[in-house]
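Enquirer: okay, predicted coordinates and the sequence, questions at the end:
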Amino acid sequence: MVSYKDIQASNALINDATAPRVAVFVGGTSGIGKFTVRALVATGASIRIYLVGRKSSEERTHAWIQELHAINPKAEVIWTEGEVALLAETKRVCEAIKSKESRINLLFLTPGYAPFGPRAETAEGVEIVQSLEYYTRILFIRHLLPLLSEAEAPKVVSVLAGGLEWATIDLDDLDLKKPGNFSSLKTQTQYGAMNTITLEKLADDHPKVTFIHSWPGWVSTGNVRRGLGSSWMMAWFVWLILEPLIGFFGFSGEESGQRHLFQCTSAAFGGRGVPWSGKPGINSREQLGDGLFLVNYNCNCTPNAKVVPVLRKNAREKVWDHTEDVLQPYL
Ligand SMILES: NC(=O)c1ccc[n+]([C@@H]2O[C@H](COP(=O)([O-])OP(=O)(O)OC[C@H]3O[C@@H](n4cnc5c(N)ncnc54)[C@H](OP(=O)(O)O)[C@@H]3O)[C@@H](O)[C@H]2O)c1
């Protein structure tokens, strides 16, 4: 475990020289993304943040951006509207950012939730949560990789389930479309594994960029309420049992934000960034150096060595080819 004291000490070293100068946050309008934006702004460093969010969150986010400017006048936080459940919208947002920037140091991805109701699709025919937790995240990365590759200490952080992969990914129905094949648990294991497989492939192809798939543990953000369907039994379970448990045992927003800021900036993962004298992290191939890091809530690297090699061998090519097919119209 990386102690909270060590994380705070590392984050205290973030300044104009070490901060990610240009960052893109997708999902930074709530929860872990929002806590991490705040922690980054509070370093006082000179930074520019593109805060991507949907229209329905615009008003409250504008008010919050004013607060952020008061905390750090050197931080430029740019509201960037986009309905990122739609891949065409993700493409449009990326084109807008690419027209303004030539380098991006940090891409931080958190949109999504566990759906407890039936399968529901976007207007583009993609299951909504799979779009938020997988396709739109990969599409952001694919569009912004050229800019990340040009930047100093570039990082991509996808917050979902790094280290929790199961080998039983459903390769015959990657989008969980077959009748009876869609459930809350299955979406989270399927989309989590797809994140790891594809992030590792992208990391292999782009060794100058450090990739992290983070599992945040429990953080009380209201996330479990988002996917509630019409089942009153599930609603009562969430309100009476799950949310109080998360509130009691989970991380505070402040600590979660600091822990994710550490993942965004520390050289502990891949050697680039704020110098780290502690134990260096190992990647998804159990090696030091570049690549994909599966990082848990304590900021430990958890390569999941029994499962990830199986996924690499059995699932990587199929997941990549299928993802290419889905994303092709939007690349
Ligand atoms: N919190 C936990 O304990 C925990 C544990 C394990 C994994 N996770 C996963 O980690 C990720 C981040 O969690 P979190 O707690 O920070 O989540 P959160 O607070 O619920 O924030 C989720 C983000 O997704 C956006 N979003 C939700 N539905 C959307 C839609 N239909 N279209 C566009 N954007 C949408 C939200 O935008 P708005 O602000 O506009 O609503 C928000 O920015 C999620 O994928 C979550 O499932 C969380």
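Expert: Noted; the coordinates are in hand.
Enquirer: low-confidence ranges, the chain, go.
Expert: Across the chain, nothing is flagged by pLDDT under 70.
Enquirer: which bits of it sit near the ligand?
Expert: 27, 29-33, 53-54, 56-57, 84-85, 110-114, 128, 132-133, 159-160, 216, 218-219, 221, 223, 226, 246 (C-beta under 6 Å from any ligand atom). Bear in mind the C-beta positions are built from the backbone N, C-alpha and C, glycine included.
Enquirer: what sits closest to K91 if chain neighbours are left out?
Expert: Nearest non-adjacent residue to K91, counting by C-beta to C-beta, 6 or more residues apart in numbering: Y330, 4.5 Å away.
Enquirer: and that neighbour, backbone torsions?
Expert: Main-chain torsions, Y330, degrees, to the nearest 10: phi -110, psi 10.
Enquirer: how about H213?
Expert: With angles defined as degrees, to the nearest 10, H213 sits at phi -110, psi 110.
Enquirer: same question for V274.
Expert: With angles defined as degrees, to the nearest 10, V274 sits at phi -60, psi 120.
Enquirer: isn't it right up against S266?
Expert: Yes - at 5.2 Å, V274 and S266 qualify as touching, with contact defined as C-beta atoms under 8 Å.
Enquirer: so what's in contact with those two at the same time?
Expert: With contacts taken as C-beta atoms under 8 Å, 6 or more residues apart in numbering, V274 and S266 have S10 as neighbours in common.
Enquirer: ok, these two, which is more surrounded?
Expert: Comparing V274 with S266 by other C-beta atoms under 10 Å, the one with more neighbours is S266, at 29 against 22.
Enquirer: residues touching the more buried one, list them.
Expert: For S266, the contacting residues are 10, 273-274, 276, by C-beta under 8 Å, 6+ apart.
Enquirer: next secondary structure after the host helix or strand of A9?
Expert: Applying DSSP states H and E as the criterion places A9 in helix 4-11. Once the chain leaves helix 4-11, the next helix or strand it forms, by DSSP H and E, is strand 22-26.
Enquirer: what about that following strand, distance to the chain center?
Expert: Centroid separation for strand 22-26 versus its chain: 11 Å, with C-alpha atoms, centre = their mean, to the nearest Å.
Enquirer: that one pairs with which strands?
Expert: According to DSSP bridges, strand 22-26 forms sheet pairs with strand 47-53 (parallel), strand 106-109 (parallel).
Enquirer: and those strands, which is most packed in?
Expert: For those, the largest average neighbour count (mean count of other C-beta atoms under 10 Å) is found in strand 106-109, namely a mean of 28.
Enquirer: which residues sit against that one?
Expert: Residues outside strand 106-109 that contact it (C-beta under 8 Å, 6+ apart) are 20, 22-28, 33, 36, 137, 140-141, 144, 148, 154-159, 260, 264.
Enquirer: hmm, back to that, and the helix holding A9, what does it pack against?
Expert: helix 253-265 (3 or more C-beta pairs under 8 Å, 6 or more residues apart in numbering; DSSP states H and E).
Enquirer: how far off centre is the helix it packs on?
Expert: Relative to the centre of its chain, helix 253-265 is centred 12 Å away, using C-alpha atoms, centre = their mean.
Enquirer: re earlier: residues in contact with the residue nearest to K91?
Expert: By C-beta under 8 Å, 6+ apart, the contact set of Y330 is 87-88, 90-91, 139.
Enquirer: check V224 too.
Expert: Listed by C-beta under 8 Å, 6+ apart, the contact partners of V224 are 113-114, 238, 242-243, 246.
Enquirer: you'd agree it is in a helix?
Expert: Yes - V224 sits within a helix when classified using DSSP: H, G, I helix; E, B strand; the rest coil.
Enquirer: and for the closest residue to the ligand within the chain, the neighbour number?
Expert: As assessed by C-beta to the nearest ligand atom, the ligand sits closest to G31 within the chain, at 2.0 Å. G31 is flanked by 23 other residues according to other C-beta under 10 Å.
Enquirer: hang on, it packs against V219?
Expert: Yes - between G31 and V219 there is a contact under C-beta under 8 Å: 6.9 Å.
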